[in-house]
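Asker: Sequence and predicted structure, then a few things I'm wondering about:
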Amino acid sequence: MTNRYQYECLIVNISSEGIAHVEINRPKALNAVNTQAWSEIGHCFTRFQSDGNVRCVVLSAAGRIFTAGLDLKEAATGPLAQPNTGDTDRARSGYYHRLYIMKIQDAISAIEACDKPVIAAIHGGCLGIGIDMISACDMRVATEDAYFVVKEVDIGMAADVGTLQRLPKIVGNDSWVREACYTARTVSSKEALAVGLVGSLYASKEDMVAAALETASVIASKSPVAVVSTKHLLNYSRDHTVREGLEYTAIWNALAHNSRDMPVAIMASLQKTKPLFPKL
Ligand SMILES: CC/C=C\C=C\CC(=O)SCCNC(=O)CCNC(=O)[C@H](O)C(C)(C)COP(=O)(O)OP(=O)(O)OC[C@H]1O[C@@H](n2cnc3c(N)ncnc32)[C@H](O)[C@@H]1OP(=O)(O)O
C-alpha cells in the first residue's frame, strides 16, 4: 500500500493493484459534509484522474452511517449562509452565491469526471449531498440496513449539486424520482435495489466493502485504456444522442485502438493466458 493522499476528512489507501479506497472520515458528525470535506473530495478525485497508479476507486465511509448530508452546523453560520462579500445588492451577492454553488457542484462532479470507475459502498444512512455524491459514482452497492433520503426540501432548498440531474438517469422512473425528491421520504435498501439505485445488498459493511474491492480488483486487472475509455464514452453517450455518441466514440477509439493493450489482450485471449497491462 502507498499513501500519498493526505487529507483531514478522507482516508485514502491505494493498493499495488491500483485500487484506491477512499473513506469519508468524520464519524463523530456522521460524516456530515463540510467545506473541508467537499473540497477534499474534489481535490482527491481530480488527482485520481491523472494518477496512473489508480485504476478503480471504492468510496465508503467510517462510523455509523455513510453521510448525514451537508454539515448543517457549518451551513447555519458558514459560507452557505453568507457566501458573498457582504454587498447588500441582490445581483452582486447572488452572483457570488452562484459561484459558490458551482464550486460544490464541481467538487462532486469530479467523481464523475474522473475516468476511473468509482464504486460507492453505502452503509447506514445516505442523506442530502450523499445522494449527489453516490449519483456521480459509476456503481452503488449497499448494506441491508442502508437508507436513502433526498433530504433537501426538508431544509428548504432544491438539491443543487447533481441529484436532480443524475438520479433520473440512474433510476429511469421519473414518477418515483419526483416523489422521492418532493417528499424527502426515507427509501429503504430493498426499495433502492428494486428501483435500480443500488446494484446489490450485503448483510454487513465488511461483506459489502469486500465485495466492492473484489469488483474493483477485476476492473483493475483489465486494460486501463479500455476501462477509462469505456467510462468516458458511457458518460458522453448518456448525455448525447445515439448518433453523437457513435460519432464521438469513433473519433475516441481511432486513438485508443492504437494502444499496446489491444494486441496484448487479443494474444492472451487466443493463448488462454492472463494478460498484464501497464498503468495508464
Ligand atoms: C450548496 C449546497 C450543497 C449541497 C446541499 C446539500 C443539502 C443536504 O445535504 S440536505 C441534508 C442535511 N442533513 C440533514 O438534514 C440530516 C440531519 N441529521 C439527522 O437528521 C440525524 O442526525 C440522523 C442522520 C437521522 C441521525 O440521527 P441520530 O442517529 O439520532 O444521530 P444524531 O444524534 O442526530 O447525530 C449524531 C451527531 O452528528 C451530528 N450531525 C448529524 N447530522 C449532521 C449534519 N447534517 N450536520 C452536522 N452535524 C450533524 C449531530 O449534531 C450529532 O453531533 P453531536 O455533537 O453529538 O450533537
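Answerer: Cool, got the structure.
Asker: Let's verify residue 278: helix, strand, or coil?
Answerer: With DSSP: H, G, I helix; E, B strand; the rest coil as the basis, residue 278 sits in coil.
Asker: so what's it scoring on pLDDT?
Answerer: Listed pLDDT for residue 278 reads 95.
Asker: where are the low-confidence patches of the stretch 51-200 of the chain?
Answerer: 82-85 (pLDDT under 70).
Asker: Setting aside sequence neighbours, what's the nearest residue to whatever residue of it ends up closest to the ligand?
Answerer: Closest residue of the stretch 51-200 of the chain to the ligand, C-beta to the nearest ligand atom: residue 128 (2.0 Å). Backbone N, C-alpha and C define where each C-beta goes, glycine included. Once flanking residues are discounted, residue 128 sits nearest to residue 69: 2.7 Å by C-beta to C-beta, 6 or more residues apart in numbering.
Asker: any idea how far residue 147 is from the one you found?
Answerer: Computed as C-beta to C-beta, to the nearest Å, the residue 69 to residue 147 distance reads 12 Å.
Asker: Could you tell me which residues make contact with the residue of the stretch 51-200 of the chain closest to the ligand?
Answerer: Shown in contact with residue 128 (C-beta atoms under 8 Å, 6 or more residues apart in numbering): 67, 68, 69, 70, 149, 150, 151, 152, 155, 159.
Asker: ok, now with 6 Å
Answerer: Shown in contact with residue 128 (C-beta atoms under 6 Å, 6 or more residues apart in numbering): 69, 70, 151, 152.
Asker: when you check the ligand, which of those residues turn up near it?
Answerer: Among these, the residues lying close to the ligand (C-beta under 6 Å from any ligand atom) are 69, 70, 151, 152.
Asker: Now render these as CSV, adding neighbour count and secondary structure.
Answerer: Output for those, formatted as CSV (neighbours: other C-beta atoms under 10 Å; DSSP: H, G, I helix; E, B strand; the rest coil):
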residue, neighbour count, secondary structure
69, 27, coil
70, 25, strand
151, 24, coil
152, 23, helix
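Asker: Break down the protein into its strands, ranges please.
Answerer: In the chain, the strands defined using DSSP state E lie at 10-14, 19-24, 56-61, 118-122, 125-127, 139-143, 147-149, 187-188, 200-202.
Asker: Please tabulate those in a markdown table and include mean neighbour count as additional columns.
Answerer: Output for these, formatted as a markdown table (neighbours: other C-beta atoms under 10 Å):
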| stretch | mean neighbour count |
| --- | --- |
| strand 10-14 | 19 |
| strand 19-24 | 23 |
| strand 56-61 | 26 |
| strand 118-122 | 27 |
| strand 125-127 | 27 |
| strand 139-143 | 23 |
| strand 147-149 | 22 |
| strand 187-188 | 16 |
| strand 200-202 | 17 |
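Asker: could those strands go into a markdown table alongside distance to residue 268?
Answerer: A markdown table is the format used below for these (distance: least, C-beta to C-beta, whole Å):
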| stretch | distance to residue 268 |
| --- | --- |
| strand 10-14 | 25 |
| strand 19-24 | 21 |
| strand 56-61 | 20 |
| strand 118-122 | 25 |
| strand 125-127 | 39 |
| strand 139-143 | 25 |
| strand 147-149 | 41 |
| strand 187-188 | 43 |
| strand 200-202 | 29 |
